[in-house]
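Q: structural data only, the sequence is not supplied:
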């Protein structure tokens, strides 16, 4: 079977040679790019990585699911609870599975928990304090589980029905199903159904999905805001509670073709992944400033206007695909964190970040595109007080590729007057007058392998002509836009501007001289061996992570020492990364990977004759214990 998200434009490695005699136009590994280049060849980037697991068997289809129930009925099954993430097609599940059971003359009663939802007005009143009022983007993190969406008396009545059904003799089946079904708490068997975040958002954009408990379709921005601040945090709390107990884990990305493994196999797979190098499934979005390089190199849909963002490693958004020899199942990345956070992060980092993976990797492509919006991110206590996040959005820009003349805007000019700057921004917002950004915001030239440090409160943006690997902390929507060049988004709407938030957070002393002294990375050789050199690029108290780059001719070995790493191959064709557990995974140019703390002894072997460069990011040792999280703020 062909995976739902697999690309048809597969890559033949043998057809791509890193040959310096070829022109830049035909070499997918060339950097920097030619000034006049407009076409970008396909590289080795794999957009559907699958982690192959031992001792699991992935099954597919509703017939196979019905067989699981038929066997379980003979073993005493009476009550089956099927919970899952909001966005699962519950109607399709019920219609197909109940029909198959009926064909076997099984007596069955189905209770949809959607019938136990609270009144819509009640849900809106309870969630409103967390939705930021009229703010189009920002709300506050909701602190409880999905009980807010349900009528307690109705859930209690279903719980009584479950208790009665469990008191009967085996042979008939009672099913409670839908998002939140696990709140019933009584079952003989528990199933959990997952769906990918990009599919959830696509369904919402297409008008096929509303927020939980809401009958009407909202504009996508409103749907996403309530999902981010209320729906997803509340559902994740229940998900974390249910995963250690579930008897079946089911991927329902394709509502017509469920894929599943037993709960025991699912937890075994997570345990394997937590001690081996792995990639998550990236996904991609166009945008008003998006470029063309990554679209070509990564083999994405040429029918899209551009590729602005690649979600490489963002725990709340990415999926993790694993499988046996022939088939695969996808779960959300946070499933791994809920079950194996200490093995993934290491004990010290897990004590600070709990179930959150704290390092984010994503691409921003402005090659043949435009400047990003001029922006800044909140200071640590501001993001806590206003949005309920536990740490802030500190960033860096690693330049993977660039065209001549590319630059990064960073900090303010020496003669920038904050009051005049704010007045110009506000006048632009009110009247549509353009702002001369170069008068107020400093810029620095950018070339491949430069690293620009962007701690919170720093005005910044990428200029056109860059492929930026954004290395940052995991919070990812808290961008206060000061100026967006009066552009409209791909739907024809002006994007929200956040001047008030921004000016509450800008550090106005970060001007050109300070930026050049403090925010332009100066690589320092810290270790070397036969055929490799290790440089530190960023190890300052301005944020809690360190960035290293290792130059490898043949191979490089290191011990994780109970620290996890996010890595990216920024130069070279491909490497093979092996862990102490014996698992080995390839990593091609521009791909990202997690090396868990439990990987132990790690070996990285260059698969090409030319030297390669690997960026490695980790939480700084001592953070949360000897070193405060915000020591540099």
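A: Done, it's in. Because the structure is predicted, anything quoted here is derived from the model rather than measured.
Q: could you use CA atoms for every contact and neighbour count after this?
A: Noted.
Q: where does the stretch 251-400 of the chain have low pLDDT?
A: By pLDDT under 70, the stretch 251-400 of the chain has no low-scoring segment.
Q: break down it into its helices, ranges please.
A: Listed in chain order, the helices found in the stretch 251-400 of the chain under DSSP state H, counting those that start in this stretch are 263-273, 293-297, 333-345, 347-353, 380-387.
Q: repeat that for the stretch 1-150 of the chain.
A: Going by DSSP H, counting those that start in this stretch, the stretch 1-150 of the chain shows helices at 62-74, 90-103, 120-127.
Q: buried ones in the next helix or strand after the last one?
A: Put plainly, it is helix 120-127. Per DSSP states H and E, helix 120-127 leads on to helix 152-166 as the next helix or strand towards the C-terminus. Along helix 152-166, these residues count as buried under the neighbour rule (16 or more other C-alpha atoms under 10 Å): 155, 158, 159, 161, 162, 163, 165, 166.
Q: ditto for stretch 201-209
A: Under the neighbour-count criterion of 16+ other C-alpha under 10 Å, stretch 201-209 has 201, 204, 205, 209 buried.
Q: about what we covered before: can you lay out the helices of the stretch 1-150 of the chain as a markdown table showing distance to residue 214?
A: As requested, the helices of the stretch 1-150 of the chain are exported to a markdown table (distance: least, C-alpha to C-alpha, whole Å):
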| stretch | distance to residue 214 |
| --- | --- |
| helix 62-74 | 29 |
| helix 90-103 | 16 |
| helix 120-127 | 6 |
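Q: let's have those helices in CSV, adding distance to residue 172 and mean pLDDT.
A: Output for these, formatted as CSV (distance: least, C-alpha to C-alpha, whole Å; pLDDT from 0 to 100):
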stretch, distance to residue 172, mean pLDDT
helix 62-74, 8, 97
helix 90-103, 11, 98
helix 120-127, 34, 96
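Q: format these as TSV; extra columns: distance to residue 348 and mean neighbour count.
A: What follows is those, written out as TSV (distance: least, C-alpha to C-alpha, whole Å; neighbours: other C-alpha atoms under 10 Å):
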stretch	distance to residue 348	mean neighbour count
helix 62-74	41	16
helix 90-103	40	15
helix 120-127	34	14
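Q: where does residue 206 fall, phi/psi-wise?
A: In terms of degrees, to the nearest 10, the main-chain angles of residue 206 are phi -90, psi 0.
Q: again, but for residue 372
A: Backbone phi and psi, for residue 372 under degrees, to the nearest 10, turn out to be phi -70, psi 170.
Q: for residue 475, see how far away it is.
A: 18 Å (C-alpha to C-alpha, to the nearest Å).
Q: one more: residue 194?
A: Taking C-alpha to C-alpha as the measure, residue 194 falls 22 Å from residue 475.
Q: what helix or strand is residue 240 on?
A: Element membership for residue 240, per DSSP H and E: helix 232-242.
Q: shaky segments in the stretch 1-150 of the chain?
A: 1-25.
Q: could you rerun that using 50?
A: Applying pLDDT under 50 to the stretch 1-150 of the chain picks out residues 1-23.
Q: show me the chain divided up by domain.
A: 59-265, 524-619 (automatic domain parsing).
Q: now distance to residue 444 and pLDDT too, for the buried residues of helix 152-166, in TSV please.
A: As requested, these are exported to TSV (distance: C-alpha to C-alpha, whole Å; pLDDT from 0 to 100):
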residue	distance to residue 444	pLDDT
155	59	98
158	63	98
159	63	98
161	67	97
162	65	98
163	67	97
165	69	96
166	69	96
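Q: and of those, the nearest to residue 428?
A: residue 155 (52.2 Å; C-alpha to C-alpha).
Q: you'd agree the closest one is up against residue 116?
A: Yes: if you go by C-alpha atoms under 8 Å, residue 155 and residue 116 touch, sitting 5.9 Å apart.
Q: helices of the stretch 451-600 of the chain, residue ranges please.
A: All helices of the stretch 451-600 of the chain, identified by DSSP H, counting those that start in this stretch, fall at 499-503, 512-518.
Q: name the residues that touch the longest one?
A: If I follow you right, that is helix 512-518. For helix 512-518, contacts defined as C-alpha atoms under 8 Å, 6 or more residues apart in numbering pick out 410, 411, 412, 413, 414, 442.
Q: again, 6 Å this time
A: Applying C-alpha atoms under 6 Å, 6 or more residues apart in numbering, the external contacts of helix 512-518 come out as 413, 414, 442.
Q: please flag which of the residues you listed sit within strands.
A: Secondary structure defined by DSSP state E assigns residue 442 of the contacts of helix 512-518 to strands.
Q: residues touching the residue sitting furthest away from the middle of the chain, list them.
A: Most distant from the centre of the chain: residue 169, at 45.9 Å, with distances by C-alpha atoms, centre = their mean. If you count contacts by C-alpha under 6 Å, 6+ apart, residue 169 has none.
Q: repeat that for the one 5 residues further on.
A: Contacts of residue 174 were listed using C-alpha under 6 Å, 6+ apart, and they are 79, 108, 109, 110.
Q: so where does the nearest residue to the second one once chain neighbours are set aside fall, helix or strand?
A: Okay, so that is residue 108. By the measure of C-alpha to C-alpha, 6 or more residues apart in numbering, the closest residue to residue 108 outside its immediate chain neighbours is residue 173, 4.6 Å from it. Using DSSP H and E, residue 173 sits in strand 173-177.
Q: centre of the chain to that strand, how far?
A: Distance of strand 173-177 from its chain centroid, counting by C-alpha atoms, centre = their mean, to the nearest Å, is 33 Å.
Q: for the closest residue to residue 486 other than its chain neighbours, give me phi and psi.
A: Spatial nearest neighbour of residue 486, chain neighbours left out: residue 432 (6.8 Å); criterion: C-alpha to C-alpha, 6+ apart. Main-chain dihedrals, residue 432, degrees, to the nearest 10: phi 80, psi 10.
Q: next one: phi and psi at residue 34?
A: Backbone torsions of residue 34, given as degrees, to the nearest 10, read phi -70, psi 140.
Q: and it, how far from residue 367?
A: 11 Å.
Q: same question, residue 617
A: The value you get for residue 617 to residue 367, if C-alpha to C-alpha is used, is 25 Å.
Q: which of the two has more neighbours?
A: residue 367 (29 against 25; other C-alpha atoms under 10 Å).
Q: the more buried one and residue 290 touch, don't they?
A: No: Residue 367 is beyond contact range of residue 290, at 7.7 Å (criterion: C-alpha atoms under 6 Å).
Q: about what we covered before: highest average neighbour count across the helices of the stretch 451-600 of the chain?
A: helix 499-503 (a mean of 18; mean count of other C-alpha atoms under 10 Å).
Q: state the mean pLDDT of it.
A: Helix 499-503 shows a mean pLDDT of 97.
Q: what sits up against that helix?
A: With C-alpha under 6 Å, 6+ apart, helix 499-503 has contacts from 480, 482.
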